[in-house]
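Q: pasting the sequence and the predicted model now:
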Amino acid sequence: MKRKRIVVLGATGSIGESTLKVARDIPERLEIVGLAAKSNAKKLAAQANLVRPEAICLVDEEKLGELGANLQYKPKIFSGENGLEEIACLTSAEMVLVAVVGTGGLRPALAALEAGKDLAVASKEILVMAGEAVMSAAARKGAQILPVDSEHNAIFQCLEGKRSTLNAQRSTSKSERSTLNVERWTLDVSDLRRIILTASGGPFRQTPNDQFAAITPEQALKHPTWNMGPKVTIDSATLFNKGLEMIEAHWLFGVEMARVDVVIHPQSIVHSMVEFADGSVLAQLSHSDMCFPIQYAVTWPDRVANTLPPLDFGKLQKLEFETPRFDDFPALHLARRAGETGGTLPAVMNAANEVAVSAFLDRRIAFPRIWQLVEETMNRHDSVAKPTLAAILDADRWAREMAVTLTDQPA
């Protein structure tokens, strides 16, 4: 079968590394034609030498010399933020996998959609900041947006039966063929009661809140299940990652925030669930390995055999579920408020959180101050409804400046 040609933005991070692993596992189905990274020139060069994509991009232009010195062949080289957009529009690519941490993936994601590329989205911030703009661009260009996050990928898989039903009932009329095209996933969520996102609970799931002030960055970076980058790992400890995922699910699947819930599941085997109007619940299960959702996103609508380990149910001792400690971990309430308000407030929440996480990792604020800084920044913002991209970016800048100012003030 034909190989899918993809560009990986954020190649040197954990998602990027897993994507390269998937490509090595199923080389007959996946070809990487572009790799991009922010500043790790040596690692990007090593990946490029292994995969041999036609183009690479290093955002940090000061390290281009180091990149060139470590390359063993001559790919096309892009650089800077503009280079990230250029490689996202690479002519030979069919799909762009966006795994850029923070807000840096938004512009290249929109550029890729405008160029008619499908997106595999691992960066929550893209849909949190500009969900309406991203989904509208995809619809206008006839592009797919496939979720890479294990939780949203699980929901997508649970809802696949709905897509299959729709496609099986296609009419021969031209109008219905365009709506229910078998090449696109189109979901009717009218009988969907809830989307249930699972969360590991992070390293402090059972820690009393009176001990939160003493939490160190080293403790917060010890995630019990997943191996992720520093920012995402801290977000898991505060549950802001789950808050961002709530807003992401709202846009990806077209459901109101009121129908998006969170449940704690320490084993991270059930990656998320959907509940229908009749009370039936479908869940997706697999080992805690990001190669599973990455592969499904880049090979959809096919399921492809691989070397990943299957679940051995005889060895699963237990699957536990519990209600989040909403008062102790207020990120979920803040995210619901941001998602329900909409406009520029989600972008403000996201930006303030990035600043707060950075300050915590630099030991400038205590762990509970992360939630406080985000809430204080949100409280000072007048949200703009139906914002343009410029308004979203302005709100992002404002929130960062405000959060920095508040960081320097006593709690």
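A: Here it is on my side, so go on.
Q: so, low pLDDT: which residues of this protein?
A: 1, 161-187, 411 (pLDDT under 70).
Q: switch to 50 and redo it
A: 164-183 (pLDDT under 50).
Q: outline the domain layout of it.
A: Annotated domains of the chain cover 4-147, 152-289+312-340, 342-411 [automatic domain parsing].
Q: deepest-packed of these, please.
A: Across the domains of the chain, the average number of neighbours (mean count of other CB atoms under 10 Å) peaks for domain 4-147, which reaches a mean of 21. C-beta here means a position set from N, CA and C on the backbone, and glycine is covered the same way.
Q: between the domains of the chain, which one is closest to residue 300.
A: domain 4-147 (5.7 Å; CB to CB).
Q: please identify which of the domains of the chain is closest to residue 297.
A: That would be domain 4-147 among these, by CB to CB, at 4.2 Å.
Q: which stretches of this structure form strands?
A: Assigned by DSSP state E, the chain shows strands spanning 4-9, 30-37, 55-58, 76-79, 95-98, 118-121, 145-147, 192-199, 260-264, 270-276, 281-285.
Q: could you dump those strands to JSON lines with distance to residue 210?
A: As requested, the strands of the chain are exported to JSON lines (distance: least, CB to CB, whole Å):
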{"stretch": "strand 4-9", "distance to residue 210": "42"}
{"stretch": "strand 30-37", "distance to residue 210": "41"}
{"stretch": "strand 55-58", "distance to residue 210": "46"}
{"stretch": "strand 76-79", "distance to residue 210": "49"}
{"stretch": "strand 95-98", "distance to residue 210": "40"}
{"stretch": "strand 118-121", "distance to residue 210": "38"}
{"stretch": "strand 145-147", "distance to residue 210": "37"}
{"stretch": "strand 192-199", "distance to residue 210": "22"}
{"stretch": "strand 260-264", "distance to residue 210": "20"}
{"stretch": "strand 270-276", "distance to residue 210": "31"}
{"stretch": "strand 281-285", "distance to residue 210": "35"}
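Q: which of the ones you listed sits closest to residue 358?
A: strand 30-37 (19.5 Å).
Q: so what does that closest one touch, helix or strand wise?
A: strand 4-9, helix 14-25, helix 41-51, strand 55-58, helix 80-88 (3 or more CB pairs under 8 Å, 6 or more residues apart in numbering; DSSP states H and E).
Q: run through who's touching the fourth one.
A: If you take CB atoms under 8 Å, 6 or more residues apart in numbering as the criterion, strand 55-58 is touched by 7, 33-39, 41, 44, 48, 64, 67, 75-79, 83-84, 86-87, 90.
Q: what do you get if the cut-off is 6 Å, keeping everything else the same?
A: The contact list for strand 55-58 (CB atoms under 6 Å, 6 or more residues apart in numbering) reads 34-36, 41, 48, 67, 75-79, 83-84, 87, 90.
Q: and the helices and strands packed on strand 30-37: which comes nearest residue 318?
A: helix 14-25 (26.9 Å).
Q: by how many degrees do the closest one and strand 4-9 diverge?
A: With axes from the mean of the first three to the mean of the last three CA atoms, to 10 degrees defining the directions, helix 14-25 sits at 160 degrees from strand 4-9.
Q: ok now helix 14-25, how far from the chain's centre?
A: 16 Å (CA atoms, centre = their mean, to the nearest Å).
Q: by how many degrees do that helix and helix 41-51 diverge?
A: Going by the same axes, to 10 degrees, helix 14-25 makes 20 degrees with helix 41-51.
Q: now the angle between strand 30-37 and helix 14-25, please.
A: Using the same axes, to 10 degrees: helix 14-25 against strand 30-37 is 150 degrees.
Q: what residues does helix 14-25 touch?
A: Contacts for helix 14-25 (CB under 6 Å, 6+ apart): 8, 10, 30, 32, 97, 99, 122, 228-229, 290-291, 294-295, 306-307.
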